[in-house]
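Undergrad: can't give you the sequence, but here's the structure:
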C-alpha cells in the first residue's frame with residue numbers, strides 16, 4: 001500500500017472515501033450494476049422501485065463489508081452507473097456519506113473528478129456530484 005493511502009486511512013475524519021481507477025491489491029469491488037440490476041429486475045414496472053431499491057442497495061452494501069489487515073473495515077464498489085438512473089432517485093453524495101462514515105469506502109470511479117466534484121461520465125455532458133463535504137482522496 002502506498003504511503004499516501006496508508007496515512008489517509010489512519011487519519012481521523014467523519015468519512016473516508018478512496019476513489020481509484022485501476023484495481024487495488026487484495027480488493028475485489030462489488031459490481032453494483034450487475035448486482036443491483038439482477039435484484040430489481042422483477043420490480044421494473046413497480047411504481048415504488050426507487051424506494052425498494054434503497055433497501056436492496058443497503059442490503060448489498062452491508063453484505064459486501066470486508067475487513068483486512070491492510071485496509072481495516074471497508075466496502076469496495078465498482079460499475080456505479082445504475083445508481084444514476086432517474087427512476088431509482090438515488091442521492092449519490094448522500095450514499096457516499098452514509099457508507100463511508102463507519103467503513104472506508106473504496107469507489108472505482110471511471111468518470112471525471114476535481115477537488116470538489118465528481119462527474120458521472122464527463123464534465124461537459126455528465127452529472128455533477130458535489131463531494132466537497134466528504135473526506136476523500138484519489139489514488
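TA: Yep, it's here. Worth saying up front: this structure is predicted, and the values here are computed from it rather than measured.

Undergrad: would you map the strands across the chain?
TA: Taking DSSP state E as the test, the strands found in the chain are 17-20, 30-31, 66-68, 72-78, 104-108, 112-113, 117-120, 127-130, 136-138.

Undergrad: quick one: mean pLDDT for the fifth one?
TA: Right, the one you point to is strand 104-108. Averaged across strand 104-108, pLDDT comes to 97.

Undergrad: helices or strands up against it?
TA: strand 17-20, strand 72-78, helix 92-100 (3 or more Cβ pairs under 8 Å, 6 or more residues apart in numbering; DSSP states H and E). Quick note: C-beta positions are derived from backbone N, CA and C, even for glycine.

Undergrad: and if we set it to 6 Å?
TA: strand 17-20, strand 72-78 (3 or more Cβ pairs under 6 Å, 6 or more residues apart in numbering; DSSP states H and E).

Undergrad: need the winner for burial among those.
TA: Highest mean neighbour count of the helices and strands packed on strand 104-108: strand 17-20, a mean of 20 (counted as mean count of other Cβ atoms under 10 Å).
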